[in-house]
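Asks: I would like the atomic coordinates for the input below:
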Amino acid sequence: MLTRGRIELIDNKADLIGVVGHEVGHIVLKHTRTQTLRFVGGDDGGVITDTDFFLLEKQEVEADQFAVDLLKLNSYDPCVRYRGFSKLLDFMGVKTLEEPGLFSMILLRRLEILKKPCE
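Replies: Predicted coordinates:
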């Protein structure tokens, strides 16, 4: 989901491709919008089952990979996706949480996955 706040954090064309590519990835990969929308409220929203948690994380990681592949295909540094996502988590304050909830843990794990090829 693109928000005004997320768009304002975009630094350059490559970062834009990474952000939009992630969202397009959800469409191309036919991810279920119903499942994803259950998590929009963040850590305080509703009851989350293990199956829901696993599915959300799986879909987000797949969409991240789609964005990385799109960056590579267009000759951009795929680590742009890691840097942009890291900036978003800084803005959200997720990295400084003492006890992150389920949604925040998904975000932090996605960041680690995006970081691995950039080290």
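Asks: for the residue lying closest to Arg109 once chain neighbours are set aside, grab phi and psi.
Replies: Of all residues not flanking Arg109 in the chain, Glu57 sits nearest, at 6.8 Å (C-beta to C-beta, 6 or more residues apart in numbering). From N, CA and C alone the C-beta is placed, and that goes for glycine too. Backbone torsions of Glu57, given as degrees, to the nearest 10, read phi -60, psi -40.
Asks: try Leu2
Replies: Torsion angles at Leu2 (phi, psi; degrees, to the nearest 10) stand at phi -100, psi 130.
Asks: is it correct that it is in contact with Val20?
Replies: Yes - the pair Leu2 and Val20 qualifies as a contact (C-beta atoms under 8 Å) at a distance of 7.5 Å.
Asks: when those two are compared, which one has more neighbours?
Replies: A count of neighbours by other C-beta atoms under 10 Å puts Val20 above the other of Leu2 and Val20, at 15 against 11.
Asks: find the nearest non-adjacent residue to His26, please.
Replies: Ala63 is the one closest to His26 (C-beta to C-beta, 6+ apart), at 4.9 Å.
Asks: my read: that neighbour touches Val20, true?
Replies: No - applying C-beta under 8 Å as the test, Ala63 and Val20 come out as separate, 11.0 Å apart.
Asks: could I get the pLDDT score of Phe53?
Replies: With respect to pLDDT, Phe53 scores 79.
Asks: what's the burial count for it?
Replies: By other C-beta under 10 Å, the residues close to Phe53 number 15.
Asks: wait, what's in contact with it?
Replies: 102, 106 (C-beta atoms under 8 Å, 6 or more residues apart in numbering).
Asks: show me where the chain has its helices.
Replies: For the chain, the helices defined by DSSP state H cover 4-8, 13-28, 33-37, 50-73, 79-92, 102-115.
Asks: hey, least reliable of those helices by pLDDT?
Replies: Here the lowest mean pLDDT among the helices of the chain goes to helix 33-37, at a mean of 55.
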